[in-house]
Structure formats: structure tokens, C-alpha cells
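1. sequence and predicted structure, then a few things I'm wondering about:
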Amino acid sequence: MVELKRTDLSVRAERAILLHTILHNDKNSVDSLAELMSLAKTAGAKVLDSVVQRRKKIDPSLYLGKGKVSQLAELCKDKEIDVVICDDDLAPAQVSNLEKVIDTKVIDRSELILDIFAARAKTAQAKLQVELAQLEYTRPRLKRMWSHLSRIEGGIGTRGPGEKQLEVDKRLVSKRVLALKKRLGQIEKRRKHQAKSRKEHTTVSLVGYTNAGKSTLMNRLTDAGVFVEDKLFATLDTKTSLCELGNGKKVILSDTVGFIKKLPHHLITSFEATLEEVRWADFLLHVVDASSPDVIEQVAAVNNVLKELDCEKKPIIMVLNKADVLKDSSIITFFKSKYDNTVTISALTGQDIEILKREMVNFADMGSTEIKLECGVSNGKLLAYIYENSRVLKRTFINTSVHFHIVIEEKNLSKLYQLGGEDLTVTHIS
């Protein structure tokens, strides 16, 4: 038997078999396996087959029953399989026992997602978050995975006298985790400061299932130039850009990492700095792939993550995307009956984008007030602020003064009064 090297958990260009257990009353098992197939292909694996078993409960030792594991071993040998990818998270003992029997590398769902994240991370923050997630996942599994941690050993400590390798690795990982959390904490402070500086504008976050079309919609609404690809987790990095909604109304729009079913909790925790954009937002655009056969389950998965982020009660516009390829319009009727604020669009073709913008204006105006004001035409800073931070309904020049009828966010009133000073006269319209 060839000794398995656990130095690299990537699956790029490897021949793979998917592993899945269907428990009783599991209605989403087929959908979950299809998603695992997409994840594996996104990671670059060549999926040749899948092994599925119905069980009352997961086998604590081998995940599958012994007979099915024997069949899996023969299948791996016949098809020269490089990696077996399990649809559930596995305990270290389960992985070790499976690998001994089938003589093939075994990784679970979390490891597969981490591999994709590692390949997709571009910015310094995303790379730090991926490394933190990898180490948090690795720490309880050091007995079988310690060899691939040697890359960090030189930078964070040397072996003390009499220490065993496992003890060294635990110490190395713990130190590195603390260092990463400290650096990510500094990034989070900077992002919070940036968020405060943006608060003169309404802030909006795009959320949704991965590959629902969030980045395409971001590019349609702004000039952000977000990377778009028909794969899961096409981008991990949050992009923020100014969005012009018309008639002087502007919002700050942010695109966030996509969600999936069974998104491991530790990944949400590691990417908390990125997902803070969702918490800071005044309202959310929940982008939905209305053409997907799994659309209802995908929406439920996103809602579960929003609940975990304590954001499920934020104002939300349901954006039913991909109307250009939608074959069954009954799903539109279903969502409109279930959610109060629903807009159907195609981010790719631009269909009904103006309707979405008008709905965004209505949401942005929820925290706004309608006022009439009079000020001098020479107050350039005040005039610039009015044009930049309000929706001008009417403007009239009379001698050396200008009269405005505007809609402005209440949080911007204090700055308005500050810039206007004694020269400003304001009348609130009930």
C-alpha cells in the first residue's frame, strides 16, 4: 500500500469520485450531490463517478457501511481515482479509516470549499481569511495533516527541546491563528472607519446564492468591473462602488461572497470581516437565480446565513434574476405571494433594471424626509452638498437666493444645517 501524502489538499486536475449518504427524511440529498458536483468541477477535479448509500445514520467509523466501502475501494482501483470527495464534513478518524481501506486520498466538503477559496482569493484580506479558515479547520485534524504545515514553521517559531512533532504543530498553528486574527482585526477596524465615512450615502449589499448573478448585476448597476464567471465562488473579494439611481439619487453598492447550502460555520466566522458589509448595509438586494430548479432551497440557504449574521430582519428587495432564460413563470408568482418587495430582472440583458432602480429609490427614501429650503447662491459648499446628497424635486432662483424642494436622508440633515448656517431656511413637509 502506497503511503498517502497529506501535504496538499487541492483537487485540481485530479480524477475524483463523489461520496454521499442519504439519511431518512433528507429531501435535499439529490440537490446536495448536484452542488457537490459543481463544487468539484469548479475546483478543477475530473468527476468520474459517485457512490451513494441510504442509511438510518452516518457510520461513525467509516461514514459508509463496510460493504459499500469495499465497493468504493474496487471502484477507485478500477478507475485509477486520485481523490474521493465526501459531501459531508468528516471526523479525522473517518478520513483516516477510509484512506486505509481504499488507499486513496479522501477530502470532505469543507476541504473542497477551502481549496476553491484558496484559488480564488486575490486581495490580501481574502488570502488572510482563507488561511485562517484553513488553519481553524486543520487544528483538530493535526494527527493526519501536520506535514503540510511545514510551510509556516520557519516564520513563527522553532521546536523546543523535547517537544514531539504534534505538539510543535499545535503551537505553530495556534500562534499563526492569533497573528491572522490580529491582522484581520486591524483590517476590520479600517473597514468600519470606511463604512462610517460612507454613511452620508445609503449603503446597499448584494447577497445571494453563489452563481445567482450578483456580480453581473453589480456591473450592470455600477462601473465596478467585477470579475464574472459561470462557476461557484467566482470571486471572494467584496467590491464597493457608487451606484447612480437617477434624478440625483446615489447609493453605495457592495458585492459579497456567495452563499451555498451546508456552508460550514467556521467559514462564515473566518469571512466575518468581508460579511460585515452585509451588517452595515441599510438594505439588501437578495439576488435569486429564478431559472434554477433548486431556487426555493437556495433562497432558504441564503436566509439561514443571513439569520446567522443577525441580518434576517433587514429591509430586503428580492431580485429574481435570469428572467431571460426562465421557462416557468409560476416561480415568479410564488415569490411575489411570499415576499412583499419582489422585482424580476435580467442582469445580463438589462431587462427591467430601471424598475429595480425605482424600487431601490423607494427603499433608500424610507429613512428620508421631504423639505423645502432657501439659501444664498454664493454658498458653494452647501449647494454642492445638496446636489450630491439629496434628490432635487424642484429648484427656483429668486434674486440672490435659491429655493429647493428636496428629499434628503435624515442622517444628512445635521451636515446640511452645519453648511447652511444662518443663511439657511428650512421647512419640513409632513
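-> Good, I have the coordinates.

2. what's the nearest residue to Asp310 if we skip its chain neighbours?
-> Arg279 (7.3 Å; CB to CB, 6 or more residues apart in numbering). Bear in mind the C-beta positions are built from the backbone N, C-alpha and C, glycine included.

3. now do Val305
-> Nearest one to Val305, counting by CB to CB, 6+ apart, is Phe259 at 4.7 Å.

4. quick one, phi/psi of that neighbour?
-> When read as degrees, to the nearest 10, the backbone of Phe259 gives phi -100, psi 160.

5. surely it meets Thr210?
-> Yes - using CB atoms under 8 Å, Phe259 is in contact with Thr210, at 6.4 Å.

6. what is the burial count for Lys338?
-> Taking other CB atoms under 10 Å as the criterion, the count of residues near Lys338 is 11.

7. scratch that, Glu136
-> Glu136 has 19 neighbours, counted by other CB under 10 Å.

8. wait, a helix at it?
-> Yes - the assignment for Glu136 is a helix, going by DSSP: H, G, I helix; E, B strand; the rest coil.

9. from now on call the first residue 29
-> I'll keep to 29 as the first residue from here, and by that count the last item is Glu164.

10. can you pull out the low-pLDDT segments for the stretch 29-178 of the chain?
-> 29-38, 40, 53-59, 169-178 (pLDDT under 70).

11. how much space between the residue nearest the centre of the chain and Phe311?
-> When CA atoms, centre = their mean is applied to the chain, the residue found nearest the centroid is Val285 (2.3 Å). Using CB to CB, to the nearest Å, we find Val285 at a distance of 19 Å from Phe311.

12. swap in Val39?
-> Distance from Val39 to Phe311, counting by CB to CB: 38 Å.

13. those two: which is more packed in?
-> Between Val39 and Phe311, Val39 has the larger neighbour count (other CB under 10 Å), namely 24 against 19.

14. now do the contacts for the more buried one.
-> Shown in contact with Val39 (CB atoms under 8 Å, 6 or more residues apart in numbering): 68, 71-73, 110-111, 113, 135, 140, 143.

15. one more time with 7 Å, if that's ok
-> Val39 sits next to 68, 71-73, 111, 113, 135, 140, 143 when contact means CB atoms under 7 Å, 6 or more residues apart in numbering.

16. which one among these gets closest to Ser320?
-> Ala68 (18.4 Å; CB to CB).

17. that's a helix at the closest one, yeah?
-> Yes - counting by three-state DSSP, Ala68 is found in a helix.

18. returning to what we had before: so for Phe287 and Thr238, which sits in the more crowded spot?
-> Thr238 (24 against 21).

19. ok, back up a step: just the contacts of Val39: which are in helices?
-> 68, 71, 140, 143 (DSSP state H).

20. most neighbours, which of these?
-> Ala71 (28 neighbours).

21. you'd agree that residue is up against Ile144?
-> Yes - between Ala71 and Ile144 there is a contact at 5.1 Å, judged by CB atoms under 7 Å.
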